[in-house]
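Asker: sequence and computational prediction follow.
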Amino acid sequence: AASLETHPGPYSGNLTPTPHEDVTHYNNFYEFGMDKADPAAHSQGFHPLPWTLEITGLVRKPVRLDVEQLLRSAALEERIYRMRCVEAWSMVIPWDGIPLASLLKDADPDPRATHVAFESVLRPSEMPGQNGGLSGIQWPYVEGLRLDEAMNPLTLLALGIYGETLPNQNGAPIRLVVPWKYGFKGIKSIQRIRLLDHEPPTTWNRLASDEYGFYANVNPQVDHPRWSQATERVIGAHSLFGAARQPTLMFNGYGEQVADLYRGMDLRKNF
Amino acid sequence: MSSDSTRSPAAVGRMLKRHWRVILYPIGMIPALWLVWQGQHGALGADPVNVFERSLGLWAFRFLLACLALAPLKRFAGINLLRYRRLTGLLTFFYASLHLLAYVGLDHGFDWGVLWTDITHRLFIILGMVALVLLIPLALTSNAFSMRLMKRRWKFLHRLIYPVAVLAGIHFFLSFKTLNDVSAPYLAGLAVLLLCRVLPRRRR
């Protein structure tokens, strides 16, 4: 990974990042395999550059971004965010990226646009997990946000971690980070962003709609059908009898920034 | 035989020959010790509790499959290893119990509130729990004394292993987000072993 020019951004608080080794070797990235160790082991043949990210759909000025240029952008900022996986574990990750809102504004969204659809790369020759398999996942991976969620200042397109370009296993070269939502919303290796006037399908919701909702907001009061979401295992202890569990925070601790987005909504129904 | 103090070398030899299989029990427990050792030395990775808990469950499932394989092995391949049914069955119970203990103690820190919700609301947990509860009478009556005492009822009771296998199979399937390379071979193995039991017996 190459080092990045980055400056501290807002919302980082005083969180202590999870060790680099764990952030880069404990990953869910089914394109490279289903075990947490698979992405680090099987992503070394993936070529993240050159890369073009396009923003199309209901926009007045479709954008084609050269990610190599974006990596040299002065706008890169560090955001240290909590990351809560739907599987009830959590990390703290120092991302380097650009607020999604600033890129969407450049594309000048049409007033009819209500949602944003994200599409990951489809490259079976470099992503062993995309070759058939038993999972039943339809590739490429797709995700979505409401436009107001996408425009929230917390929402980040990350190009790096720990001041370096993203390792392949973390979603190189560019990925989404939505810190108040479960980790699977953070789609990796994004090639296409489209603005729509309707809610787009999302990969895990398509596979098991009773377990993974469109919103997927971190919520300790709404359990997963197979486990409680009230608490989370803290990644990074490495010792069987010294591992910690901590309470999960509503909106993963970002309620001050995002609770207004969901005012009046039943979060049990819209989980 | 005379009293212990005067046991002759020949008698000791006879006893070892009869009871040598006892050493298979501690050998079967080595994977558990190995997991504990790895856990204490940082070798279970970033989420050691989860790996520990799942690995114990997987070992329980492996011994369950081994136990279920013994009868078909004799019937279809003529290899008689039925004397290992008690060993494999008790090791299944041993690993399933440790699996539960890891879930209750290590994973949830004996948080009874969370555990109560789990065992009253989540099919995934309920199936696993019922499977383990059904194993208890099998483990308790796995000795020769119970066999003699219960006679035909013993055989009937021990057919409980089939519902246990079905429940454990569904629990195992549900423990992954999707079907995958890890779970599929085990589930296929279980399906084959259960199908063996419903094949009609040839009349003699």
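Answerer: Yep, it's here.

Asker: so the nearest residue to residue A:27 once chain neighbours are set aside is in which element?
Answerer: In space, and not counting its chain neighbours, residue A:27 is closest to residue A:39: 4.2 Å by C-beta to C-beta, 6 or more residues apart in numbering or on different chains. Heads up, the C-betas are built off the backbone N, CA and C, glycines and all. According to DSSP states H and E, residue A:39 maps onto helix A:38-42.

Asker: of all the residues in that helix, which ones are buried?
Answerer: A:38-40, A:42 (16 or more other C-beta atoms under 10 Å in any protein chain shown).

Asker: which other residues reach that helix?
Answerer: Residues from elsewhere that reach helix A:38-42 (C-beta atoms under 8 Å, 6 or more residues apart in numbering or on different chains): A:24-25, A:27-29, A:32-33, A:128-129, A:167-170.

Asker: narrow the residues you listed to just the buried residues.
Answerer: A:24-25, A:27-29, A:32-33, A:129, A:167-170.

Asker: dump those into JSON lines; add secondary structure and pLDDT as well.
Answerer: As requested, the buried ones among the contacts of helix A:38-42 are exported to JSON lines (DSSP: H, G, I helix; E, B strand; the rest coil; pLDDT from 0 to 100):
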{"residue": "A:24", "secondary structure": "helix", "pLDDT": "97"}
{"residue": "A:25", "secondary structure": "helix", "pLDDT": "95"}
{"residue": "A:27", "secondary structure": "coil", "pLDDT": "97"}
{"residue": "A:28", "secondary structure": "coil", "pLDDT": "97"}
{"residue": "A:29", "secondary structure": "coil", "pLDDT": "97"}
{"residue": "A:32", "secondary structure": "helix", "pLDDT": "96"}
{"residue": "A:33", "secondary structure": "coil", "pLDDT": "93"}
{"residue": "A:129", "secondary structure": "helix", "pLDDT": "94"}
{"residue": "A:167", "secondary structure": "coil", "pLDDT": "98"}
{"residue": "A:168", "secondary structure": "helix", "pLDDT": "98"}
{"residue": "A:169", "secondary structure": "helix", "pLDDT": "98"}
{"residue": "A:170", "secondary structure": "helix", "pLDDT": "98"}
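
Asker: gap between stretch B:106-114 and the chain center?
Answerer: Centroid separation between stretch B:106-114 and its chain, computed with C-alpha atoms, centre = their mean, to the nearest Å, is 24 Å.

Asker: right, is that stretch up against chain A?
Answerer: Yes. Against chain A, stretch B:106-114 shows contacts by C-beta under 8 Å from any C-beta of the partner chain at B:106-109, B:111, B:114.

Asker: would you mind checking those residues for buried ones?
Answerer: B:106-108, B:111, B:114.

Asker: pLDDT check: weakest of the residues you listed?
Answerer: Lowest pLDDT within those is found at residue B:114 (88).

Asker: wait, which of the buried ones among the residues of stretch B:106-114 next to chain A is closest to chain A?
Answerer: residue B:114 (5.1 Å; C-beta to the nearest C-beta).

Asker: for the closest one, give me its contacts.
Answerer: Contacts for residue B:114 (C-beta under 8 Å, 6+ apart) come out as A:228, A:230-231, B:108.

Asker: can you put these in a markdown table and add secondary structure and distance to residue B:138?
Answerer: Shown next, in a markdown table, are the contacts of residue B:114 (DSSP: H, G, I helix; E, B strand; the rest coil; distance: C-beta to C-beta, whole Å):
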| residue | secondary structure | distance to residue B:138 |
| --- | --- | --- |
| A:228 | coil | 30 |
| A:230 | coil | 35 |
| A:231 | strand | 34 |
| B:108 | coil | 26 |
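
Asker: these: which two are farthest apart?
Answerer: A:230 and B:108 (10.2 Å; C-beta to C-beta).

Asker: quick one: residues in contact with the strand or helix carrying residue B:189.
Answerer: Here residue B:189, judged by DSSP H and E, is contained in helix B:183-198. Here helix B:183-198 makes contact (C-beta under 8 Å, 6+ apart) with A:134, B:58, B:61-62, B:65, B:68-69, B:71-72, B:75-76, B:162, B:165-166, B:169, B:172-173, B:175-176, B:179.

Asker: which parts of that helix are buried?
Answerer: B:183, B:186, B:189-190, B:193.

Asker: quick one, what contacts residue 29?
Answerer: Reading this off chain A. So, once contact is read as C-beta under 8 Å, 6+ apart, residue A:29 ends up touching A:38-39, A:43, A:129, A:169-171, A:188.

Asker: I was after chain B.
Answerer: Per C-beta under 8 Å, 6+ apart, neighbours of residue B:29: B:91, B:94.

Asker: where are the low-confidence patches of chain B?
Answerer: Counting by pLDDT under 70, chain B contains low-confidence ranges at B:1-6, B:202-204.

Asker: rerun that using 50 as the cut-off
Answerer: B:1-2 (pLDDT under 50).

Asker: which bits of it sit near chain A?
Answerer: Residues of chain B lying near chain A (C-beta under 8 Å from any C-beta): B:36, B:38-40, B:42, B:44-50, B:52, B:106-109, B:111, B:114, B:117-118, B:121-125, B:174, B:176-182, B:184.

Asker: any chance you could map the strands in the stretch 101-250 of chain A?
Answerer: Assigned by DSSP state E, counting those that start in this stretch, the strands in the stretch 101-250 of chain A fall at A:115-120, A:142-146, A:156-161, A:164-165, A:175-177, A:190-196, A:231-234, A:244-247.

Asker: before we move on, back to that, wait, which of the contacts of helix A:38-42 is closest to chain B?
Answerer: residue A:25 (6.8 Å).

Asker: and residue B:171, how far from residue A:110?
Answerer: 49 Å (C-beta to C-beta, to the nearest Å).

Asker: which of the contacts of residue A:29 sit farthest apart?
Answerer: The widest separation within the contacts of residue A:29 (C-beta to C-beta) is 15.4 Å, between A:129 and A:170.

Asker: tell me who's in contact with the closest residue to chain A within chain B.
Answerer: In chain B, the residue found nearest to chain A is residue B:39; the distance is 2.7 Å by C-beta to the nearest C-beta. By C-beta under 8 Å, 6+ apart, the contact list for residue B:39 reads A:239-241, B:48, B:52.

Asker: JSON lines for the contacts of residue A:29, including distance to residue A:69?
Answerer: Listed next are these as JSON lines, based on distance: C-beta to C-beta, whole Å:
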{"residue": "A:38", "distance to residue A:69": "31"}
{"residue": "A:39", "distance to residue A:69": "26"}
{"residue": "A:43", "distance to residue A:69": "24"}
{"residue": "A:129", "distance to residue A:69": "29"}
{"residue": "A:169", "distance to residue A:69": "24"}
{"residue": "A:170", "distance to residue A:69": "21"}
{"residue": "A:171", "distance to residue A:69": "19"}
{"residue": "A:188", "distance to residue A:69": "20"}
